[in-house]
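Asks: how would this look folded up:
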Amino acid sequence: MRRISRILLIAGLLLSGCQTKPKPENLYRVEDFPQADASWPLQLLLNDLHRELSPDPNWLPEEASGSTQAAWRSLIQVINPQPRMILAYEPSAAMRRELQDYDTLWQAQTIGYDALVMITGSENLVDSLSLDQVRDIYAGKITNWKQVGGQDQPIEIYVQDENSGLQTAFERHVMQGVPVVNPTLEWVYERAGVVRQAPAAFSPKEGALGFSSLIMITQVHPQPEIKMLRIEGIAPNEKTIGNGKYPLKLPVLLASNTASDATIAGITDWLLSAVGQQWLSDQGLIPIEKMSYKLLKKRWSSQRFSCF
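Replies: Now for the predicted structure:
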C-alpha cells in the first residue's frame, strides 16, 4: 500500500511539473513614453514596446528614421535638449565621431540580439558559404556561383546604404577592412536636376547575394522568394545565435542621451527582466545570456561614448 501511494505521489509531482506555467503578468506601465527612434528593422519593435508599456488607444506609431545612423543622430540635441531613447544597432565610427563633435552624452545597453544574415534567391542551389567565401565574393576574388558549388552564373552582389547599421556590421564583422568591389547600384533622384548612384535594393534573383537581419527576414518583411544562407554550415536561429555557434550575432541596443531619466531607466530594467526578455523573445529577438546580463549591468554608467 505504501509503495502504491509513493508511486501515485511521484506521478502527481511529475504531472504537475509538466503543466504549462502561466506567463508572469506585466505590471510595469509608463505614464509618458519618452521621445524615441529606431533603426528601420527595429521600428516595429519600438512601436510594439510603446503599446506594451503605455497603452493609449489614440497613439499612432511614428515613422521610422530611415537608418541606424539617423536614429543615433536624433540623440544630438543642441537647443533645449530632451530625454530621448533609441533602439538601434551599433553606430558607425563616423557616427561616433559626430556624437563626440557635438559633445553628446550617451550610453547604451544591450537588450537582446538579432543576427546579420546572408540572403539569395530561393532558386539558388547554394545553401551555405564560409565567411572567407563571402569576403572574397564582395572583394571581387570570387565572381561566379560555380566557384562555391553553385551553377555557372555570375554573382550579383548587393550592399546597403552607408547609414545602415547592417552595412556597418557587415563591414566590421565580415569585410574587416577589405573594400567591396562592384556592388549593384542604381540612379536615384535627389532633388530637381540632381541624381546620384546609390546601392540598389536587393532583388531576390537566383544569382543575387545580399545581407539583411534575421528579424527583418523572419518578422518585419518575410518574402518566400528569399533564402537565408548558412554561414560556416550553421543556420541562423535562436539556438545557434544563443550558443554562439552562428558567427554573425548582432547586438540590439537601447541607447539614450541621459543617465538620469527615470522613465528610460525603468524601460531598460523592464526589458532586462525575465518578463521583458520573454517579451523580446516573442518579438523575434534572442534574449541576452544571464552571465552577459550581469556583466552588462556592471558597465551601465554615465560615461561618455560608452557602447556595450
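
Asks: spatially nearest residue to Asp152 (excluding sequence neighbours)?
Replies: Using CB to CB, 6 or more residues apart in numbering and skipping the chain neighbours, the partner closest in space to Asp152 is Lys146 (4.6 Å). Yep, even glycine has a C-beta here, placed from its N, CA and C like the rest.

Asks: so the one you found makes contact with Gln153?
Replies: Yes: contact status for Lys146 versus Gln153: in contact at 7.4 Å, counting by CB atoms under 8 Å.

Asks: hmm, back to that, so the residue nearest to Asp152, which of the three states?
Replies: At Lys146 the chain is in helix, as set by DSSP: H, G, I helix; E, B strand; the rest coil.

Asks: so what pLDDT did the residue most central in space within the chain get?
Replies: Centroid-nearest residue in the chain, with CA atoms, centre = their mean: Asp114, separated by 3.9 Å. Asp114 carries a pLDDT value of 97.

Asks: distance from the chain centre to the helix or strand containing it, please.
Replies: Applying DSSP states H and E as the criterion places Asp114 in strand 107-121. On the basis of CA atoms, centre = their mean, to the nearest Å, strand 107-121 sits 3 Å off its chain's mean C-alpha point.

Asks: now swap in stretch 231-250 and tell me
Replies: 14 Å.

Asks: Val126 and Leu229 touch, don't they?
Replies: Yes: here Val126 lies in contact with Leu229, judged by CB under 8 Å, at a distance of 6.9 Å.

Asks: ranges for the helices of this structure?
Replies: Assigned by DSSP state H, the helices in the chain fall at 2-18, 43-53, 68-73, 93-101, 131-138, 165-170, 214-215, 238-242, 262-272, 274-282, 290-299.

Asks: and the fifth one with strand 107-121, angle?
Replies: Interaxial angle of helix 131-138 relative to strand 107-121 (axes from the mean of the first three to the mean of the last three CA atoms, to 10 degrees): 70 degrees.

Asks: and helix 131-138, what's buried?
Replies: Within helix 131-138, the residues scored as buried using 16 or more other CB atoms under 10 Å are Leu131, Gln133, Val134, Arg135, Asp136, Ile137, Tyr138.

Asks: quick one, domains of the protein?
Replies: Using automatic domain parsing, the domain ranges for the chain come out as 35-113+250-299, 114-188+196-242.

Asks: closest to Arg29 out of those domains?
Replies: Judged by CB to CB, the one of those that comes nearest to Arg29 is domain 35-113+250-299, at 6.3 Å.
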